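>>> What shape does this take:
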Amino acid sequence: MCIRSFLVRVLAIVLCTGAGFGSIAAAAEPRIAVFRSPLSLPFFVAKEKNLFAKYRVEPILIECVGGNRCMKELVEGRVDMATSSELPFMFAVFEAAPVSLITTFVTNKDDMRFVVRKSVLQGGVKALAGKRVGYVEKASSHYYRDLFLLYHGVDPQSIVPVPMGGEALAAALAKGEVDAISVWEPWGNVALQLGGADVALVDTPRLYSQSFNLMARNDYRVPQARRISAVLGALREAIQFIKKNPEEAKRILARDAGVDSAIVEAMWSTYRFELSLHQSLLTTLQGQARWARREGHVNKALGEPEFLNYIDASLLRKLSAKAVDYVYP
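Model prediction:
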């Protein structure tokens, strides 16, 4: 993989999409903020195979770097739908944002990475106390950072937090600007390549099963239910294509996510693509809410939100009743 080329492409996306969000005229066709990541493969396939057109919907797919950024665009009304892990959604619910989670479309138990400068590891993982740890604030990177530290007996309050954009973490570690990073793929592999012999991946049991989800603004979801259902139909068929044609799907992923084919091959078995709303999502959100209140990431005076009020299972249930656990309204 040409790391420089990859980073240049990501920078171009950040600049172009940052300018483009505010200039898109309001339209009935959904504007969807899509995280440029392997997790978004069903969107890449649906676009490549003209599946959106098959279901009579023409979404405007707007790339963003990080699900937290996609969620920000949704909450602030610059897009109608967005993709994100469940953590930015959890924070949006605490703010009573006018959004609803429509479906999970992929889960992964091995997408997060904790990469450390080897000089720090000479004192063991507990030597991270007092060290600079890079992470993405209020994103899955943030949650995994604390899970990792607690698992290894390190108080999250004892490290020096260095929040930054996900695309900046690998370079910051390689330059010695931070001592460790908590990051999702493919940036974990990028960090290992950029850092070379100076950095190492700390192997840890699978602490966190991440979901990646599709959310919609309520002021779009209600009047445009037909178009959202069409998007779901296209995504379901895209997932069927991924399962039946994995080699072609891998090629689409490498091209559209800008990830080296060797990295795609290494990560492939960790992804489970499926439209679903399972009880495990609700359990994860509740656990993350307790973490956010305990660590002071939200106002501790706030009670735990009723997440079921922010999850709309009706459209997915019409598409596939068995995809929805009974607990969802």
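>>> tell me, how many neighbours does the residue nearest to Val259 when sequence neighbours are not counted end up with?
Closest residue to Val259 apart from its sequence neighbours, by CB to CB, 6 or more residues apart in numbering: Pro186 at 4.7 Å. In this view, the C-beta of every residue, glycine as well, is placed from N, C-alpha and C. By the measure other CB atoms under 10 Å, the count of residues near Pro186 is 24.
>>> Would you check that Pro186 makes contact with Ser261?
No: between Pro186 and Ser261 there is no contact under CB atoms under 8 Å: 11.5 Å.
>>> one step back: got the phi and psi for the residue nearest to Val259?
phi -90, psi 10 (degrees, to the nearest 10).
>>> now the stretch 1-150 of the chain, which segments are flagged as low pLDDT?
By pLDDT under 70, the low-scoring segments of the stretch 1-150 of the chain are 1-27.
>>> can you give me the strands for it?
Applying DSSP state E, counting those that start in this stretch to the stretch 1-150 of the chain gives strands spanning 31-35, 60-64, 81-85, 99-108, 112-117, 132-135.
>>> Residues touching the last one, excluding its own?
Contacts to strand 132-135, defined as CB atoms under 8 Å, 6 or more residues apart in numbering, come from residues 141-142, 145, 159-164, 168-169, 172-173, 177-183.
>>> Which members of those occur in strands, if any?
160-163, 180-183 (DSSP state E).
>>> Which of the residues you listed are buried? Put it as a PyMOL command.
In PyMOL, selecting the buried portion of the ones in strands among the contacts of strand 132-135, with burial taken from 16 or more other CB atoms under 10 Å, looks like this:
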select buried, resi 162+180+181+182+183
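>>> Can you lay out the ones in strands among the contacts of strand 132-135 as a markdown table showing pLDDT and distance to Pro98?
Putting the ones in strands among the contacts of strand 132-135 into a markdown table (pLDDT from 0 to 100; distance: CB to CB, whole Å) gives the following:
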| residue | pLDDT | distance to Pro98 |
| --- | --- | --- |
| Val160 | 97 | 36 |
| Pro161 | 96 | 30 |
| Val162 | 97 | 32 |
| Pro163 | 95 | 26 |
| Ala180 | 96 | 37 |
| Ile181 | 97 | 33 |
| Ser182 | 95 | 30 |
| Val183 | 92 | 30 |
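>>> from the ones in strands among the contacts of strand 132-135, which is closest to Glu274?
In terms of CB to CB, no member of the ones in strands among the contacts of strand 132-135 lies closer to Glu274 than Val183, at 24.7 Å.
>>> quick one, what contacts the closest one?
Applying CB under 8 Å, 6+ apart, the residues contacting Val183 are 112-115, 134-136, 141, 166, 169-170, 191.
>>> please redo it, this time with the cut-off set to 10 Å
111-115, 134-136, 139-141, 144-145, 166-167, 169-170, 173, 189-191 (CB atoms under 10 Å, 6 or more residues apart in numbering).
>>> Just grab the bridge partners of it for me.
With DSSP bridges as the criterion, Val183 is bridged to Arg113.
>>> do you know how far it is from Asn213?
From Val183 over to Asn213 the distance is 20 Å, taken as CB to CB, to the nearest Å.
>>> what's the following helix or strand after the longest helix along the chain?
Scanning the chain for the helix with the most residues, using DSSP state H, yields helix 225-244. As assigned by DSSP states H and E, the chain's next helix or strand after helix 225-244 is helix 246-257.
>>> could you give the mean pLDDT of that next one?
Helix 246-257 comes out with an average pLDDT of 94.
>>> Output the contacting helices and strands for that helix.
Under the contact definition 3 or more CB pairs under 10 Å, 6 or more residues apart in numbering; DSSP states H and E, helix 246-257 sits against helix 41-48, helix 225-244, helix 261-267.
>>> now the longest one, how far from the centre of its chain.
It refers to helix 225-244. The chain centre lies 19 Å from the centre of helix 225-244; the measure is CA atoms, centre = their mean, to the nearest Å.
>>> Could you do the first one as well?
On the basis of CA atoms, centre = their mean, helix 41-48 is displaced by 16 Å from the centre of the chain it belongs to.
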